[in-house]
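Engineer: I need the structure of the sequence given here:
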Amino acid sequence: MTTSIRIIPLLFLVLGSALWSQPRTVRGTVRDAETGDPLPFVNIRVQNTTRGTTTDRRGAFILHLPQGEHTLVFSYLGYGTEVRPVNGGEILDVALAPRPIPFPVITVNPNEDAAVAIIRKAIEAKKRRKDSLRDYALTAHTKLVFDVDKMEGIAVNSISDSSFTSVMETRTDAYWARPDRYKEIIKARKQTSFITSRSNTMISKFFIMDFSADRFEIGKQVIGPISDAGLEAYYYRLLDTTSLGDDAVFRIHVFPRSEDDPLVTGDLYIADKSFALVRVDLRPDEAAMPEFIDSLRFRQQFARFGDFWMPVDVAIDGTISLSFIIQLKLRLEAYSVLQDYHINEGIGDDFFDRVVIKVLPEADERDSLYWAREALIPNTPKELEAYEKGDSVKAAMQEKRNEITWSSPIFGQTFQSGDVYVHVPGILGLYGFNRVQGHFLAGRFSYTNRRSWLRSLSIEPGYGIDDRRTSLEGTASMRFGRASPIQVDLSGFRRLSWIDREREQWSGFNTTLTNLVARWDFRDYFYETGWRAAVSGDVLPVVNASLTWEQRQYENADVNADWSLFSRDRAFRDNPAVNAGRLYRLSIDLTLDTRDYIDNAGEMRRLGGGPTQHFFDAGIRMADRGTLGGDFTF
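Structural biologist: Now for the predicted structure:
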């Protein structure tokens with residue numbers, strides 16, 4: 001009894017310590033003090049730290065803080081700075097007052113426009129900062145929202161936005177080091193139903209562009225307005241001066257000199273004294289607009305971290321038109337918040353490798369508690385509705401998919417449980433007809449799970465009525481390891497085959513139909529029995545090797561069928577003879593591929609190619625009676 005009494009205070013102490021160590025959440029809205037309107041993209045910093053966030057398009061924000069007292073600093077272009085002490089757990093309603101600032105004195109060349117003089121100073125300042133920036137790390141929350149505006153060409157002419165809202169979100173850690181090494185780790189991801197988790201590899205780099213760079217990509221390569229080449233490609237006009245805290249900020253309108261070159265148009269905000277780029281509001285011109293995109297707008301803000309101005313958010317708005325079988329109009333909103341910078345603290349060279357995007361295996365297992373604790377962008381009511389509606393529809397569809405109905409034994413059925421798929425064939429998938437087997441039965445049963453080491457397994461038994469032979473095929477695909485996975489593929493078979501089987505696009509149903517109706521079959525058949533084993537993986541970061549061993553026994557196949565629905569006066573043609581015998585073959589393949597990888601929760605795939613990527617394939621296929629055995633040599 002005494003021991004139990006002593007344990008109770010200890011339990012309270014442990015539980016209290018755990019609860020006290022949990023981060024506290026501050027949320028709220030930032031408004032204009034005069035109009036009461038919400039202020040989007042207000043920068044919020046935790047004083048004396050690199051932690052912070054940005055308000056969304058509704059002026060709402062969410063921020064997670066360690067236990068203790070903190071001071072939040074709210075800053076916005078053209079407004080005074082607001083400072084709020086917080087302990088965590090508060091809901092804040094912050095009002096920022098507009099703050100005009102006198103136009104500062106600018107010293108310029110008498111023959112040069114004031115805007116051009118500011119841009120020249122910004123170019124010089126950019127070069128100095130670039131020389132001193134060695135590396136950085138940050139955390140990011142990125143969100144992409146698609147809304148269907150219009151859908152035509154099907155049964156309905158218009159569908160409401162709320163019915164077709166799709167959302168993807170990721171929480172990432174990003175790392176950069178000279179000269180241009182980059183890596184991003186996706187720690188958590190979620191998406192509305194009907195978007196597979198595998199397709200959600202959004203990283204902040206996809207949306208963050210260095211608009212101060214000499215050149216950047218928006219589908220097409222664009223000359224940056226803050227560059228020596230930009231001085232020849234753009235016109236600049238100084239519109240006015242605003243403020244960011246106590247600093248004056250120049251607003252410069254930039255627009256292309258030529259309509260034929262891929263360039264941007266819009267406003268640049270450049271701080272006085274430091275001549276750092278603090279905000280952009282830009283649109284690509286028609287020549288720079290990516291295909292299928294009707295409109296595109298980039299808004300990005302920067303904040304000072306010591307001697308550096310780093311991006312703290314990016315907002316992208318666009319409209320897309322697609323016209324294939326249907327006409328589809330989409331609105332997209334992308335938003336990324338970046339915080340917790342660590343600059344020039346050193347990142348080891350061994351940290352960067354060929355895996356530039358890594359999705360942690362637990363990224364898809366994060367629950368609502370994790371997102372409530374870690375999210376940097378609050379969900380809107382519409383987005384929450386999209387998640388709830390998608391989950392309910394997906395659950396209903398999955399339940400419907402697994403429901404056995406009258407059509408299941410006829411057409412077959414695929415059962416699903418999470419990421420596991422099991423397919424059972426139906427009667428129509430079992431029957432076939434050709435001139436060798438005549439009527440035959442064969443059905444393929446399969447299992448797929450891309451999250452398991454056993455990726456796929458299938459078996460297909462069969463029997464030919466006229467040739468009175470059983471057939472059996474089985475395949476298995478396995479993957480071992482994470483950083484450099486090894487792929488193992490096994491197959492065994494006793495089957496009727498035909499020349500060019502691997503490359504043929506003609507379906508078995510079509511062959512059955514032409515045989516039954518017209519006694520016409522273009523395939524040249526033979527029997528084969530054997531097995532195949534293949535192992536592949538990366539032997540070097542840029543070299544993939546595969547080793548394959550296969551044994552096959554070939555036999556001639558006779559025409560056994562003499563039945564059809566029509567054309568009964570036509571005879572089935574004979575099969576040409578094959579070189580009967582045993583084949584033992586060894587294959588070795590090497591592929592040089594300098595593209596980087598995406599490690600998608602254990603599934604490795606290469607990123608798209610580019611002008612700096614190189615590819616080379618070499619291989620050998622060998623069969624030798626003396627060393628390998630068999631009846632063939634080549």
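Engineer: The closest residue to residue 177 other than its chain neighbours and residue 176, how far apart?
Structural biologist: Residue nearest to residue 177 in three dimensions, not counting chain neighbours: residue 135, with 3.9 Å by CB to CB, 6 or more residues apart in numbering. (Glycine included, C-beta is placed from N, CA and C.) According to CB to CB, to the nearest Å, residue 135 and residue 176 sit 6 Å apart.
Engineer: Near residue 568, how many other residues are there?
Structural biologist: By other CB atoms under 10 Å, 10 other residues sit near residue 568.
Engineer: average pLDDT for stretch 132-148?
Structural biologist: Averaging pLDDT along stretch 132-148 yields 92.
Engineer: Ignore what I typed, I meant stretch 191-198.
Structural biologist: For stretch 191-198, mean pLDDT is 85.
Engineer: picking up where we left off before, and the residue nearest to residue 177, what does it touch?
Structural biologist: 175-178, 343-347 (CB atoms under 8 Å, 6 or more residues apart in numbering).
Engineer: which SS state does residue 410 fall under?
Structural biologist: Secondary structure, DSSP: H, G, I helix; E, B strand; the rest coil: residue 410 is helix.
Engineer: just checking, it touches residue 430?
Structural biologist: No. Contact criterion CB atoms under 8 Å: residue 410 and residue 430 do not qualify, at 10.3 Å.
Engineer: On the pLDDT front, check residue 458 for me.
Structural biologist: For residue 458, the predicted pLDDT is 97.
Engineer: Where does the prediction get shaky in this structure?
Structural biologist: Within the chain, the stretches with pLDDT under 70 are 1-23, 101-112, 149-163, 324-326, 394, 396-398, 483, 609-614.
Engineer: could you pull out the strands for the stretch 1-150 of the chain?
Structural biologist: 24-32, 43-46, 52-54, 60-65, 70-75, 82-86, 91-96, 135-152 (DSSP state E, counting those that start in this stretch).
Engineer: quick one on the thing from earlier: next, give me the two most distant ones among the contacts of residue 135.
Structural biologist: Greatest spacing in those, by CB to CB: 178 and 345 (13.7 Å).
Engineer: quick revisit: tell me which of the strands of the stretch 1-150 of the chain sits most buried.
Structural biologist: Most buried of those, by mean neighbour count (mean count of other CB atoms under 10 Å): strand 52-54, with a mean of 26.
Engineer: tell me which element residue 270 falls in.
Structural biologist: Element membership for residue 270 (DSSP states H and E) is strand 264-271.
Engineer: Need the residues that contact that strand.
Structural biologist: 77, 118-119, 122, 211, 218, 222, 225-226, 239, 242, 244, 247-256, 276-285, 288, 309.
Engineer: Give the pairing partners of that strand; include direction for each.
Structural biologist: As defined by DSSP bridges, the strand partners of strand 264-271 come to strand 247-256 (antiparallel), strand 277-284 (antiparallel).
Engineer: Just want the most central residue of the chain.
Structural biologist: In the chain, the centroid-proximal residue (CA atoms, centre = their mean) is residue 201; its distance is 2.6 Å.
Engineer: Tell me which residues touch that residue, please.
Structural biologist: Here residue 201 is in contact with 170, 186, 357, 359, 598, 600 (CB under 8 Å, 6+ apart).
Engineer: Now flag whichever of the residues you listed is closest to residue 381.
Structural biologist: Among those, and counting by CB to CB, the member closest to residue 381 is residue 170, at 21.4 Å.
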